[in-house]
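Colleague: give me a 3D structure for the following:
(2 chains)
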Protein chains: 2
Amino acid sequence: MYLSQCVNRAAQINPNGFATIFGERKFTWTEFKDRIARLAQGLKGLGVETEDRVAILSMNSDRYLEYFFSVPWAGGMVVPVNIRLAPPEILFTLNDSETKVLVIDDTFAAMLPALKGKMETVTHIVFAGDGETPEGCINYEDLIKNNEPAADAERQGDDIAGLFYTGGTTGRSKGVMLTHTNLLTNTLNIIPASQIDEEVTYLHAAPMFHLADCASTFAITLAGGTHSFIPKFDPEDTLKTLVADKVTNCLLVPTMINMLINFPGIEKYDLSNFKRIMYGASPMPEAVLLKAMELLPNCLFSQGYGMTETAPLITFLEPKFHTMDGPYAGRLKSAGRAGVATELKIADENDNEVPRGEVGEVLARGPNVMKGYWKMEELTKETLRGGWMHTGDMAYMDEDGFIYIVDRSKDMIISGGENVYSTETENAIYQHSDVMECAVIGIPHKDWGEMVHAVVVLHEGKKLTEDELKKHCAELIAGYKCPRSISFQDEPLPVSGAGKILKTELRKPFWDSKGKGVN
Amino acid sequence: MYLSQCVNRAAQINPNGFATIFGERKFTWTEFKDRIARLAQGLKGLGVETEDRVAILSMNSDRYLEYFFSVPWAGGMVVPVNIRLAPPEILFTLNDSETKVLVIDDTFAAMLPALKGKMETVTHIVFAGDGETPEGCINYEDLIKNNEPAADAERQGDDIAGLFYTGGTTGRSKGVMLTHTNLLTNTLNIIPASQIDEEVTYLHAAPMFHLADCASTFAITLAGGTHSFIPKFDPEDTLKTLVADKVTNCLLVPTMINMLINFPGIEKYDLSNFKRIMYGASPMPEAVLLKAMELLPNCLFSQGYGMTETAPLITFLEPKFHTMDGPYAGRLKSAGRAGVATELKIADENDNEVPRGEVGEVLARGPNVMKGYWKMEELTKETLRGGWMHTGDMAYMDEDGFIYIVDRSKDMIISGGENVYSTETENAIYQHSDVMECAVIGIPHKDWGEMVHAVVVLHEGKKLTEDELKKHCAELIAGYKCPRSISFQDEPLPVSGAGKILKTELRKPFWDSKGKGVN
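Modeller: This next block holds a predicted model:
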């Protein structure tokens, strides 16, 4: 299987349906296929040969989608760059991947002076924005206009489709090598779970460089559905586009859902076409989910859990389990069950499966598991030892195969010998109606090693004291899991490009003064 | 991917749900997994080693399903033998596949004397029936009882899972080598198309040796659903089991659907749980389909088209297209669109795609396409030339990617230079309410080469003349497509083990006297 077959199938079954809607700009699948084949020829004209890397640094747009398909069509590999990175980090990505051609949009054209002269391997820059083409750049539409359609390179199977650099919330960013089979297998996992067909219109609201959004990118295409875009997530822009483009499906990360449902006036938008929200990429506080389900009663919710290394999804929690009543109730805290094409086990440190109900590491196996980390053979061997992807996440599995992520392993707080999984504490805090956002971290403590600390943002106008919130938690969870200290702040919590709360940022002030402690 | 992961997933997500229901005998997925692992150990004890063939000759049963999974668990290859074959044909299958162990049931124990001494490679016979174990045979339940569970051999990917001998309605039977990936890819095609999940109870009514039924066998297992069985198709037994086992899904071939809807008293059965019929394996006359839709209004119908060589499904016509009104109407004559994991094109004799609407050969490509024909390298090369499976079926594709099978290429009648696709003529004949069954064939004609002939079975008590039926057809289709001669008969049309009408049988009396003609 290969990525181009997504476009071929869309053009076969829905040739006159819209492939992309970006504001007023619309292309059918027949036009889309023609455009990417011409763009591929254009890229080849710039010297792109088999396995050459073509990076993109851009906000969401229809051209971002064309990029995803034209690069493999030309025989190359995609490198979607995290849009939140600072110039030195972007340079690391481009140089580490040995990128030959870089595609940028209006937003990132401004960053070019900071990059120029330091990109070691880039020979050409393609400008895919709508403004004036910067000096020294090649115009994207010219590449399409001035070239005949290329024949598809038909790269496939275990050929690498792209390097997807991981978020880098900890340590140095790693280039995850995902093959054509990896990404196609994910489409076969997500299509039944999200019931994606040619009638779906999917809004790219989460950043397109990230696998959370990419989970649907290839599936929507293979199904012959329609892609809609907003440059970046913004609650108002999202709501307007949901209405204007008659969007049916969307992936939103929990922080986005939280912002959306707290947006004043959401009830004024006609969201009758909006049928499915997939959420994932970070733990979803149950209270936020329940509020979203209440505010959007016509929407089916489903959860996907995974990571870049698994292209990305491992488990799914289907819509029927998003209920508080009846035989499907009681699973809301779960990340769901293994997708049909992926094997899953919860294992101890020797990779032996642990009994149901016991916490262990999440291991995954199957054709969606990455080929490895780019130029990091040792780490690849270690991560994929025994043929299983070692996710580093801790979870337990119940009697019916549902897993419950207790925490990203590096996020676990060990306080006085007790393991505290921060999501549990966060879930308790979120159940207080005054709380808008929160994150729980471990901070240094001279006696306990670590201590449970919460950073909280309240809804506007609310006044809640540390003692009140501690008392609230004590009613819900065991004492050792309750926050020992709480800091309140007015500004939103820092998030990564993918919308994950950056706990490393929150930890810094405490751990920079390590030894002094805060207690 | 590998077949055992179907069982592993079922036991993971539905450990206490029923795997199999066969009359009063029921096993959960936990029990099923234990049984097949023990049976695998038993087979190894009989000398089954990696890639050894283990054949089965049996009516449908829960043990047939256990066989499908225990053989690859032991590292072997399955060889499901066509139950309609005569002893010399069975011997050909066993000897051509070099089968080491043969599994038989009560029905076929009676055939043992005719086989013994002529099976060149069989060393052991396992008796999987419920009666007395025949002399010289090993009891199936003893193999389970007397062995500890084996570790899974984890044969996978391109390893051959089994040899599936094609129906052999023409020419010598060929062993189709299907790999683990082939069969698993089919599950990923059919799961979204038939919305198979752990809540499905599927009735094996069509013979389990045939890929038409096998199309669901592995998918139901991977989804953790429940299997129900009847030894062989019979309308009354089917209806009773649909009720007793609360069956939700079933695969039926068109002749079976025709028999079911003509069964007196069908309306007395409570079929409220019965939700989905997949049909396929041979063309479905539209009139039969319409009657079935009317009689079973709570049932969703979907069509699958494919063949053994494609493991088996290539295209799907989803339930929403089974309607006479609204935007989805007008597709009932279609076999549907390419499954998500399979590429499809309609091509000329040089494998170039023909324009939409033009008839050409159906070609398929993807991980569901067979590894090849067993010990037939030349035929394999020819059939898979250019990387595409050449199906031999003729079809056209409409603007929206739906294909319309005009005929199995060998079934096309060329009469006076005009191509007549027999399904078109059959569809016209079936629209006469007196007609119970029909088949259209080409018979020799001195001027036209071939002439269109129909063999017709009327409903009981109906009297329809040749002229009346010809006139009926002339009102529906072009003159050259109408039958020039019609023979009426009382006995049902001859069918293959898979329920396909055996046109070769019908042709024989005419072609045996070739030269004389009938006109």
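Colleague: distance check, A:F316 against chain B.
Modeller: A:F316 is 11 Å from chain B, where distance means C-beta to the nearest C-beta, to the nearest Å. For every residue, glycine as well, the C-beta is placed using N, CA and C.
Colleague: whoops, A:Q303 was the one
Modeller: A:Q303 is 16 Å from chain B, where distance means C-beta to the nearest C-beta.
Colleague: same deal with A:Q41?
Modeller: For A:Q41 relative to chain B (C-beta to the nearest C-beta), the value is 20 Å.
Colleague: now swap in A:I13 and tell me
Modeller: 3 Å.
Colleague: what number of residues are in the vicinity of that residue?
Modeller: Counted by other C-beta atoms under 10 Å in any protein chain shown, the residues lying close to A:I13 total 23.
Colleague: also A:I477?
Modeller: Using other C-beta under 10 Å, A:I477 has 15 neighbouring residues.
Colleague: low-confidence ranges, chain A, go.
Modeller: Applying pLDDT under 70 to the predicted model, the residue ranges of chain A that meet it are A:167-172, A:281-283, A:407-411, A:416-419, A:498, A:512-519.
Colleague: can you list the residues of it near chain B?
Modeller: Residues of chain A lying close to chain B (C-beta under 8 Å from any C-beta of the partner chain) are A:1, A:5, A:8-9, A:12-16, A:184, A:187-188, A:191-192, A:195, A:222-223, A:337-338, A:340-341, A:343-344, A:366-367, A:397, A:399-401.
Colleague: not counting sequence-adjacent ones, nearest residue to A:E309?
Modeller: Leaving aside its chain neighbours, A:E309 sits nearest to A:M370 (4.7 Å; criterion: C-beta to C-beta, 6 or more residues apart in numbering or on different chains).
Colleague: just the buried residues of the biggest helix by length in chain A, please?
Modeller: In chain A, taking DSSP state H as the definition, the longest helix is helix A:29-45. Buried residues in helix A:29-45, counting neighbours by 16 or more other C-beta atoms under 10 Å in any protein chain shown, are found at A:29, A:31-33, A:35-44.
Colleague: can you list contacts of the helix or strand A:E236 falls within?
Modeller: Assigning secondary structure by DSSP states H and E places A:E236 in helix A:235-244. Helix A:235-244 has contacts (C-beta atoms under 8 Å, 6 or more residues apart in numbering or on different chains) with A:203, A:205, A:228, A:230-231, A:247, A:250, A:256, A:259-260, A:262-263, A:266, A:269-271, A:273-274.
Colleague: got a PyMOL select line for the buried ones in those residues?
Modeller: Burial among those is assessed by 16+ other C-beta under 10 Å; the matching PyMOL selection reads:
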select buried, chain A and resi 203+205+228+230+231+247+250+256+259+260+262+263+266+271+274
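Colleague: tell me who's in contact with the residue nearest to A:E309.
Modeller: Applying C-beta under 8 Å, 6+ apart, one finds that A:M370 lies in contact with A:176-179, A:182, A:308-311, A:384, A:389.
Colleague: ok, it to B:Q12 distance?
Modeller: Counting by C-beta to C-beta, to the nearest Å, the gap from A:M370 to B:Q12 is 23 Å.
Colleague: just the ones of the contacts of helix A:235-244 in strands?
Modeller: Among the contacts of helix A:235-244, DSSP state E puts A:203, A:228, A:250 in strands.
Colleague: quick one, what contacts the first one?
Modeller: This points to A:L203. A:228-230, A:238, A:241-242, A:245, A:247, A:249-250.
Colleague: give me the number of residues near whichever residue of the stretch 201-350 of chain A sits closest to chain B?
Modeller: Nearest to chain B, among the residues of the stretch 201-350 of chain A, is A:R337, at 5.0 Å (C-beta to the nearest C-beta). A:R337 is flanked by 27 other residues according to other C-beta under 10 Å.
Colleague: I figured it was touching A:T315, is that so?
Modeller: Yes: in terms of C-beta atoms under 8 Å, A:R337 counts as a neighbour of A:T315; the distance is 5.9 Å.
Colleague: quick one: common contacting residues for the two?
Modeller: In contact with both A:R337 and A:T315: A:344, A:403, using C-beta under 8 Å, 6+ apart.
Colleague: what about A:G499, distance to B:E98?
Modeller: Taking C-beta to C-beta, one finds A:G499 at 58 Å from B:E98.
Colleague: tell me which of those two has more neighbours.
Modeller: Applying other C-beta under 10 Å to A:G499 and B:E98 shows that A:G499 carries more neighbours, namely 23 against 16.
Colleague: enumerate every residue touching the more buried one.
Modeller: By C-beta under 8 Å, 6+ apart, the contact set of A:G499 is A:206-207, A:212, A:233, A:253-256, A:281-282.
Colleague: give me that answer again for 10 Å
Modeller: By C-beta atoms under 10 Å, 6 or more residues apart in numbering or on different chains, A:G499 lies in contact with A:84, A:205-207, A:210, A:212, A:233, A:252-259, A:281-282.
Colleague: pretty sure it sits in a strand.
Modeller: No: going by DSSP: H, G, I helix; E, B strand; the rest coil, the assignment for A:G499 is coil, not a strand.
Colleague: count the residues that sit near the residue lying closest to it once chain neighbours are set aside.
Modeller: Once flanking residues are discounted, A:G499 sits nearest to A:V253: 3.8 Å by C-beta to C-beta, 6+ apart. For A:V253, the neighbour count with other C-beta under 10 Å is 25.
Colleague: wait, doesn't A:V253 sit right on A:G280?
Modeller: Yes: between A:V253 and A:G280 a contact is recorded at 6.9 Å, counting by C-beta atoms under 10 Å.
Colleague: what residues do these two have in common as contacts?
Modeller: Once C-beta under 10 Å, 6+ apart is applied, the residues that A:V253 and A:G280 both contact turn out to be A:206, A:212.
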